[in-house]
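> need a structure here:
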Amino acid sequence: MTKIYYVDRVTATLADNLEAFGLSQLLFTIVSDTSHMGLQIKDVGDSFEITLDSQLEDQLLSQINFFTLIDALETSKAHPNLEPAYYVDYIQHQRDNQAYFEARKSGLDKAELSEQGFHPPVRDWHTWAVINQMSAVSTYNKLAEFWFAHRFVFPDFLKIILNMYNYRPNDLEKNEANWKSLAQEEGLSIPSRISKLQVINPGMGKGGNRTKADGLGIGGLKGFWIPEYLKFVGLFQAGIPRVVSSKDRKIKDRKTYVLRPKVLRWETHKSVFPRFQEITYPSTAVMMDILAILRYCVIFLKQWKTGQGNGWGRFTHGQPGDHVEAFDVVFYKHLGSAHVTLNTSTLILPQWFQSIDTLEEADKYISLLDEHQGIIRNLDEQKGNEYELLLRYRDFLSARDLRSFFQFNKGYHKHVMSKMIKGKYPPKRFTTNNLEMLIMAHDKKLKPILQDEGFLHIAEGIRRSTVILQYQKRSKADPLYEVRYGLGDKLLLNSQYPDKFVQELGRFIHDYNRENARKSEARNLQYRKNITTEDIQSIVDLIDHFGAPTVANLLVAYGYARDPGIQSDTEEIES
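Numbers count the residues shown, from 1 in each chain. Okay, the predicted model is just below:
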């Protein structure tokens, strides 16, 4: 019979997620010798359901040996009252990390570094660091000590914890009372309540907090210590704490990303999350948001491929957003002596993936996501116009709405041309095949546009009048034709009015064909095909059916994209 535990979503913040992941890790540790027993977390609105395929028998719990779920930290200011096996030397890890990064400057590869005894930070380092930097070590260590104090009554202690999450809503008061009775019987001098720290409870730091409005103080809120312990466990299991980076390295702000499960099997989570932790690096604030989403989806699909390829069938399907709904994010501002919660937000995982049932489909989406990562990574958040582009792309990524993507692309094609005009290395461009997959994933009704020969011919004409010619000019080759600066802007500017849009497009086509004829006559050269009357009729029909704004945005997107069948811009020019 299935056993269900519940974690109430009391705060509607990442604190609830952490508690759910903490309880899941506790259950996983209890049943790890029985193949996880189908452990799964599901968001049911007012709570998270954590299910096992069968009941936890009292006999199993009575035989459980003592274990811990977090290690305390020994720092220059904190010395845990625990045996050495139950804490880590934070300062030594810090020294080892510094030595590793210094050694990397010598140019040694990973294998050479390892041979010489230099190793990258351990996986838990970022979590230890945020606990230390946010002045949470003292309370964190107390929680580890409280847990350790129950080693001689561990089965009874576990039963109280599991009973606390047996029903919805959770009966914290009753189980806090049960725990107090156990502690009193065993002579444990442990307070039942402890401070709710911002590192795991955003928005619950010091301030004016009273149950009754009978006074004002600046103390922090307190809560039953066991849920607070589990939240720290969850921080290690589903949290990504990272420093917000900047060029001058003066900013010491922080962000923490915590998964919000939708229907997530623990086995799936354990396959994806560790690798995701490894490749999530500090970056600027908006860039880090975007790359977190893209990288999680890529790792998810790669792990899904591995499972399918080996016949494990671990994931029912390869749509990341059906397993993990979002990242709940907290932004901590550094104020010199401390960090404070400045903002909480939610990043929804893309829901625009089509059903991914084959390895080939997974490969296509991985290629698309990798292409987007390459484009995003080359933007500089500390430059105003590129910062705006990143904001628009982030809006698109979490929304099932092509309008946000078109807004991004409107600015991005100008960015590409601007860089090329300045003689800088051309930014990466979207490829037409990945654009088609992206657009079709959002709206299959647009397929007739993308497969229309007239549309494709005119998009190619735009490409051969803009980015290809500018690349040729940058390479100091004879461009032959005139570069049409601002063409995309003109088309989009007039797209709200079908007549004006057709007139603007007609002017471009007229000039395009006339220039072809002139160069052909004067120099006996013509690298571009003429746009025909049939092409014009096709595009007019599409405008009548789909509207000028949609056709215009797709034309510009395709017109400034790259043909994937051609390896480089140089080949595009010569083809």
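
> now the strands for the chain?
Under the criterion DSSP state E, strands of the chain are mapped to 3-8, 40-43, 47-52, 72-74, 87-89, 193-195, 222-224, 239-243, 254-261, 263-265, 324-334, 339-348.

> give me the contact list for the second one.
To tie it back to what came earlier, the one meant is strand 40-43. With contacts defined as CB atoms under 8 Å, 6 or more residues apart in numbering, strand 40-43 is touched by 20-21, 24, 48-51, 260-266, 269, 325. In this view, the C-beta of every residue, glycine as well, is placed from N, C-alpha and C.

> re the thing from before, for the strands of the chain, which one sits closest to K519?
strand 339-348 (49.8 Å; CB to CB).

> given the closest one, what are its sheet partners and their directions?
In the sheet, strand 339-348 lines up against strand 324-334 (antiparallel) (DSSP bridges).

> relative to strand 239-243, how tilted is the partner strand?
Orientation of strand 324-334 against strand 239-243 (axes from the mean of the first three to the mean of the last three CA atoms, to 10 degrees) gives an angle of 30 degrees.

> ok and strand 324-334 relative to strand 254-261, angle-wise?
Here strand 324-334 runs at an angle of 160 degrees relative to strand 254-261 (the same axes, to 10 degrees).

> give the buried residues for strand 324-334.
Going by neighbour count (16 or more other CB atoms under 10 Å), the buried part of strand 324-334 is 324-332, 334.

> can you list those in CSV and add distance to E482?
Listed next are the buried residues of strand 324-334 as CSV, based on distance: CB to CB, whole Å:
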residue, distance to E482
V324, 50
E325, 50
A326, 48
F327, 47
D328, 51
V329, 47
V330, 52
F331, 48
Y332, 52
H334, 52
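
> switch those residues over to CSV; also include pLDDT and distance to G559.
Listed next are the buried residues of strand 324-334 as CSV, based on pLDDT from 0 to 100; distance: CB to CB, whole Å:
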residue, pLDDT, distance to G559
V324, 95, 36
E325, 95, 36
A326, 96, 34
F327, 97, 34
D328, 97, 39
V329, 97, 35
V330, 97, 41
F331, 96, 38
Y332, 94, 43
H334, 89, 44
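
> nearest to F406, of these?
Nearest to F406 among the buried residues of strand 324-334, counting by CB to CB, is A326 at 23.6 Å.

> circling back to that earlier point, just name the most buried of the strands of the chain.
strand 254-261 (a mean of 24; mean count of other CB atoms under 10 Å).

> so how far is that one off the chain centroid?
Relative to the centre of its chain, strand 254-261 is centred 9 Å away, using CA atoms, centre = their mean, to the nearest Å.

> sheet partners, orientation included, of it?
Partner strands for strand 254-261, per DSSP bridges, with pairing direction: strand 239-243 (antiparallel), strand 324-334 (antiparallel).

> right, and those - which one's nearest H126?
H126 lies closest to strand 239-243 among the strands paired with strand 254-261, at 5.1 Å (CB to CB).

> my guess is A144 meets T68, correct?
Yes. Taking contacts as CB atoms under 8 Å, A144 lies within contact range of T68: 7.0 Å.

> what is in contact with these two at once?
Y86.

> more neighbours: which of the two?
For A144 versus T68, neighbours defined as other CB atoms under 10 Å are more numerous around A144 (22 against 17).

> ok so, going back, F405: which of the contacts of strand 40-43 is nearest?
Of these, the one sitting nearest to F405 (CB to CB) turns out to be E325, at 21.0 Å.

> got a list of what that closest one touches?
Contacts of E325 by CB under 8 Å, 6+ apart are 43, 260-262, 348-349.

> what's the burial count for D58?
By the measure other CB under 10 Å, the count of residues near D58 is 10.

> which pLDDT does the model give it?
Looking at D58, its pLDDT reads 82.

> quick one: it and N163, what's the gap?
The gap separating D58 from N163 is 12 Å, by CB to CB, to the nearest Å.

> could you do V130 as well?
Distance, V130 to N163, using CB to CB: 31 Å.

> so between the two, which is more surrounded?
V130 (23 against 16).

> out of everything not next to it in sequence, what's closest to the more buried one?
With sequence-adjacent residues excluded and distances taken as CB to CB, 6 or more residues apart in numbering, V130 is closest to P241, at 3.8 Å.

> my read: the one you found touches T127, true?
Yes. Counting by CB under 8 Å, T127 is a contact partner of P241 at 5.8 Å.

> give me the common contacts of those two.
By CB under 8 Å, 6+ apart, the residues touching both P241 and T127 are L235.

> quickly list the domain ranges of the protein.
Segmentation of the chain into domains, based on automatic domain parsing, reads 1-199+218-242, 244-400, 425-574.

> which residues of the stretch 451-575 of the chain score low on pLDDT?
Along the stretch 451-575 of the chain, the parts satisfying pLDDT under 70 run over 478-479, 522-527, 566-575.

> contacting residues around the closest residue to V329 other than its chain neighbours?
Residue nearest to V329 in three dimensions, not counting chain neighbours: S345, with 4.9 Å by CB to CB, 6+ apart. Contacts of S345 were listed using CB under 8 Å, 6+ apart, and they are 328-329, 331.

> got TSV for these, with distance to D401 too?
Below are these laid out as TSV (distance: CB to CB, whole Å):
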residue	distance to D401
D328	21
V329	20
F331	24
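
> what is the nearest of those to D156?
Among the contacts of S345, and counting by CB to CB, the member closest to D156 is D328, at 33.8 Å.

> how near is that closest one to A20?
According to CB to CB, D328 stands 12 Å off from A20.

> same thing with W304?
W304 is 23 Å from A20, where distance means CB to CB.

> higher neighbour count, these two?
Shown here are W304 and A20; by other CB under 10 Å, A20 has more neighbours (32 against 25).

> hmm, the more buried one is touching Q237, no?
No. Applying CB under 8 Å, one finds A20 not in contact with Q237, separated by 9.7 Å.

> so what's L294 up against?
Going by CB under 8 Å, 6+ apart, the list of residues near L294 reads 369, 372-373, 376, 397.

> among these, which lie within helices?
369, 372-373, 376, 397 (DSSP state H).

> what's the most distant pair in those?
Maximum pairwise distance in the ones in helices among the contacts of L294, criterion CB to CB, is 11.4 Å, between Q373 and L397.

> settle it for me: which of the two has more neighbours?
When Q373 and L397 are compared for neighbours, L397 comes out ahead with 22 against 16, by other CB under 10 Å.

> how close does the more buried one sit to K383?
20 Å.

> what do you get for K490?
Counting by CB to CB, the gap from K490 to K383 is 25 Å.
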